[in-house]
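Asks: Quick one, structure for this:
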Amino acid sequence: MVRETRDNEPKPRSGQQRAAELREIGLPERGARAVIPAPAAPAPAPEEGDRPHYLGHRERLRARFLEAGPSALPDYELLELVLFAIPRKDVKPLAKALIHRFGSFAEAIAAEPQRLKEVEGMTEGAIAACKIVEAAAQRFAKGAVKKRLPMGSWSEVVDYCRTSMAFESREIFRILFLDKKNGLIADEVQGSGTVDHTPVYPREVIRRALELSATAIVLVHNHPSGDPSPSTQDVAMTREIIAIAKPLGVTVHDHIIVGRDGHASLRGLKFI
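Replies: As a prediction, the model looks like this:
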């Protein structure tokens, strides 16, 4: 049977035409082998010298701290440990900037949060870490005093006072209220003032001692200037409190002034 061919029916394509069309759309010709691209070679591992210098530094510093103790670390490295609150960053430059700005580890930790924010690179987490360390130091020192050790353990009392107040930016007046065995009944801040003055009301001091049934008190305040030397006003105010307290059976053991540069005892200096 003979098949009729219509004029509008497409004519069959030659083999050369089909091969050209397949090449145009990117398919292999019939019978040709498809070429499969080879997988890309993995990137070479970075050599030791190409790694950031601070990788592994945190682990090494922690290990040295635990093995050799804090005395083996300078201030900026101890501060680095605190600043590890900032993830994935070399914090050594920031630690050194804080020490340069504030003077020491203790002064950096005790700085007001607003002042810490002024140092480029300090985050909210890093500031919180500094304040946690400060609070822990104060809580530890207060715990030693609260063991109700006798006042003969004077070093613990002085350490506590310095830890609590030595690096404050304003004058703060506080009182340690003691029982008849010289154990601590209460530690209260009675007032805070400016950089060089705190108002103190002697009668209010004694009234509070009587409310707590305290038989003795230790007066404490700080000098933000850093120099703990007592002023004439400090001596006069202390003597006025002693004069009011004595007839009421309350003894003023001492008035301690603390500062960054040390501490002063009015009794030790024979001012009272």
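
Asks: Report all helices and strands that the helix or strand in which residue 65 is found contacts.
Replies: According to DSSP states H and E, residue 65 maps onto helix 57-68. For helix 57-68, the packing partners by 3 or more C-beta pairs under 8 Å, 6 or more residues apart in numbering; DSSP states H and E come out as helix 75-83. Bear in mind the C-beta positions are built from the backbone N, C-alpha and C, glycine included.

Asks: what residues does the helix it packs on touch?
Replies: 61-62, 65, 70, 73, 91-92, 94-96, 98-99, 104-105, 108-109, 126, 129-130, 133 (C-beta atoms under 8 Å, 6 or more residues apart in numbering).

Asks: quick one: the strands in the stretch 151-272 of the chain?
Replies: Using DSSP state E, counting those that start in this stretch, the strands found in the stretch 151-272 of the chain span residues 172-178, 184-192, 216-222, 251-259, 262-265.

Asks: Mean pLDDT lowest where, among those strands?
Replies: Lowest mean pLDDT within these: strand 184-192, at a mean of 86.

Asks: and the angle from that strand to strand 172-178?
Replies: Strand 184-192 runs at 160 degrees relative to strand 172-178, counting by axes from the mean of the first three to the mean of the last three C-alpha atoms, to 10 degrees.

Asks: ok, residues contacting strand 184-192?
Replies: Taking C-beta under 8 Å, 6+ apart as the rule, strand 184-192 contacts 142, 145-146, 148, 170-179, 198-200, 204-205, 208, 212-214.

Asks: Residue 94 and residue 123 touch, don't they?
Replies: No: look at residue 94 against residue 123 with C-beta atoms under 8 Å: they stay out of range, at 9.7 Å.

Asks: Please identify the most buried of the strands of the stretch 151-272 of the chain.
Replies: Across those, the average number of neighbours (mean count of other C-beta atoms under 10 Å) peaks for strand 216-222, which reaches a mean of 25.
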